[in-house]
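Asker: no sequence on this one, just coordinates:
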């Protein structure tokens, strides 16, 4: 979930400008500039960092996934020092998801400041531009580790009954309520007609006493913004605060060495129990069917044409996919998507009428970002779909259908859905801005091809990490998904860049995108089929 | 009908099946026996095309599995030990889907109702597979194996999870298939069932073929004339002096 939020954040903040960069052929700016005022960006980033770290802290109090029953049964009985084992699992698993967040946020700021490096270099501050993301990563890890340990210490106190869970959460709630209440009160007091509430609220987070309370978090945000704002007083304070706190917390944790395993066993049992409950509530298809049936939304009956449609051979796989998709949770996702698309473009149309002077490029870029979200939604949905395919390898592989056709039949259905949804979005966009039709069609071709490329890559990754019940494999898969998401667009982006540099016509660019992607997809399907042919979960 | 020649399969460095060779004739039921980890399931999975052998040749009805995969698979039906039907397909749709894959909708149209009756699936024909019990899922997998014109049937522990009535039905079906000239290879741990059901057995151990023959031939090999298959098996696999 954390990973998804980060990606959504990056998509929302970066997708539009990226699209615009191509669309307007923006030249690299001559000096360090941000889309918003530096103070505002710093405050927003501070709140984001603070929110993420606090979320991570709350989870670490009694919801740490650092320990599993496999560890308890297999690793704990070994003669390895318990301090070492406890710390290893706590830090590696407890911080893995956070590490991903750091990498992505650091990448975002590094990427944005990269184009500025040449101009900064002349001033001799290139070190600052590069140091920012790295310092950000270090401070973020230190802060996250500290809060992780504080969470574990709180959990230990509850476990040893030094404090009741209810009192602990009441205290945390009280502190948060005081902070938020105070901030809200101060903001409302300072409001005058014409002021924007959110803007004012964010501005107050930088003023005393809130600014002081948020200073350690601001230090992390400031380090990411060194390229823009230079070194601020908050950074050394942040280094001292987080460094000192981390050492102190670590030493305190070590005092609990004798009861570490006991606590880890308790956590692993709690986790197993929670997972079971969660699966029963959310992912148990049997329970889901029972629920949906009672609501009358899942029906075993087929429509007449579906009942009569009986393709044979490899096309039977499409029939099966169509039947399953009609009943699966993909269907509501499609409906919501169609509705959201109409609402979104309806909103744009209304905005154009209401504010005729609004920048067209901004609206188009916003549309591009939305389509980017559609892909992301469906690429994550396809993971479950492809996992199901692999689970049924014993049923499916003996069928007289070649592995290549099988792989293609598994990848195409969602790709077709994505294409249709993109086409809908593009059509509405073209209706609003008909003179940009060429660009939109190129976008449609790019999204459709890139999606299929991404899902082919994803299937290969899944063939190497098929066990989605395994925490480590699932986490690694999350990281690979993001890489796939980036790599999947590469052939199209490179082709379009080349076409643009060589001044090719948009139709030629579109043809090139189709050709290059088709080649890549064919190669990937052959590789996936090869792996699928020898796929055996026992290995 | 089915010819296995020097079949070898590795899992990393572990030799799961080691140079295994045997043949199945039409109208014959052959039992594949062996202790846990002997390589029975791996052998069946290689034969039906789930796993790719590292060495050796598999030929079904004269079609080499490597070169003419589709033609060879068309002749085979495999029933896995753990049934894994698609959660959101109904019982009837499953059987239809298999018939569509094998291009045998004519067989489906004429046999589906009889199959559903015989395997006590009629009441559940419109139920989603996910709502079935393990035994019912097993019956569904078996029913799917009967809906195409297979000549070679591969069963991995087919009796596990079945109630006595269904076990009887399955045995009756197996005898019927044998009478119709099909070749059946059944992997099982139930030695009494194998003794009654199989014309011939192959005993595997550590991936290798330890022994092959009728019960009489195995008794001779183990110098245990008049003993049951269980006793012969234990002697041959070294678990009993």
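Answerer: Received, thanks. Owing to the predicted nature of the structure, the values given are computational and were not obtained by experimental measurement. Residues are numbered from 1 along each chain as shown, chains lettered A, B, ... in the order given.
Asker: Which pLDDT value belongs to the closest residue to chain B within the stretch 1-150 of chain A?
Answerer: Proximity of the stretch 1-150 of chain A to chain B (C-beta to the nearest C-beta) peaks at residue A:74, 19.9 Å away. Where you see a C-beta, it was placed from the backbone N, CA and C, and this is true even at glycine. Residue A:74 is assigned 74 on the pLDDT scale.
Asker: Same check on residue B:100?
Answerer: 90.
Asker: excluding its backbone neighbours, what's nearest it?
Answerer: Closest residue in space to residue B:100, ignoring its immediate chain neighbours: residue A:316 at 3.6 Å, by C-beta to C-beta, 6 or more residues apart in numbering or on different chains.
Asker: Could you give me the buried positions within the helix or strand harbouring that neighbour?
Answerer: Assigned by DSSP states H and E, residue A:316 belongs to helix A:316-327. Of the residues in helix A:316-327, A:316-321, A:323-325, A:327 count as buried by neighbour count, 16 or more other C-beta atoms under 10 Å in any protein chain shown.
Asker: just these now: which is nearest chain B?
Answerer: residue A:316 (3.6 Å).
Asker: quick one, what contacts the closest one?
Answerer: Counting by C-beta atoms under 8 Å, 6 or more residues apart in numbering or on different chains, residue A:316 touches A:401, B:97, B:100-101.
Asker: So which of those residues are in helices?
Answerer: Judged by DSSP state H, the contacts of residue A:316 include B:97, B:100-101 as members of helices.
Asker: which one of those residues is nearest chain A?
Answerer: Among those, and counting by C-beta to the nearest C-beta, the member closest to chain A is residue B:100, at 3.6 Å.
Asker: distance of that closest one from residue A:138?
Answerer: Separation of residue B:100 from residue A:138 (C-beta to C-beta, to the nearest Å) stands at 59 Å.
Asker: show me where pLDDT drops low in the chain?
Answerer: No chain in the question, so chain A it is. A:1-36, A:63-64, A:96-130, A:191-197, A:274-302, A:355-359, A:362, A:469, A:471, A:538-539 (pLDDT under 70).
Asker: Actually, chain B is the one I wanted.
Answerer: The low-confidence ranges in chain B, as defined by pLDDT under 70, are B:239-241.
Asker: On the three-state scheme, residue B:82 is what?
Answerer: coil (DSSP: H, G, I helix; E, B strand; the rest coil).
Asker: dump the residue contacts of it.
Answerer: residue A:394.
Asker: Tell me, how many residues neighbour the nearest residue to residue A:164 once chain neighbours are set aside?
Answerer: In this structure, residue A:164 finds its nearest non-sequential neighbour in residue A:158, 7.1 Å apart by C-beta to C-beta, 6+ apart. Neighbours of residue A:158 under the rule other C-beta atoms under 10 Å in any protein chain shown: 19.
Asker: which SS state does residue A:158 fall under?
Answerer: Residue A:158 is classified as helix under three-state DSSP.
Asker: how close does it sit to residue A:62?
Answerer: 7 Å.
Asker: for chain B, longest helix please?
Answerer: Max-length helix for chain B by DSSP H is helix B:164-179.
Asker: Fine by me, we can end here.
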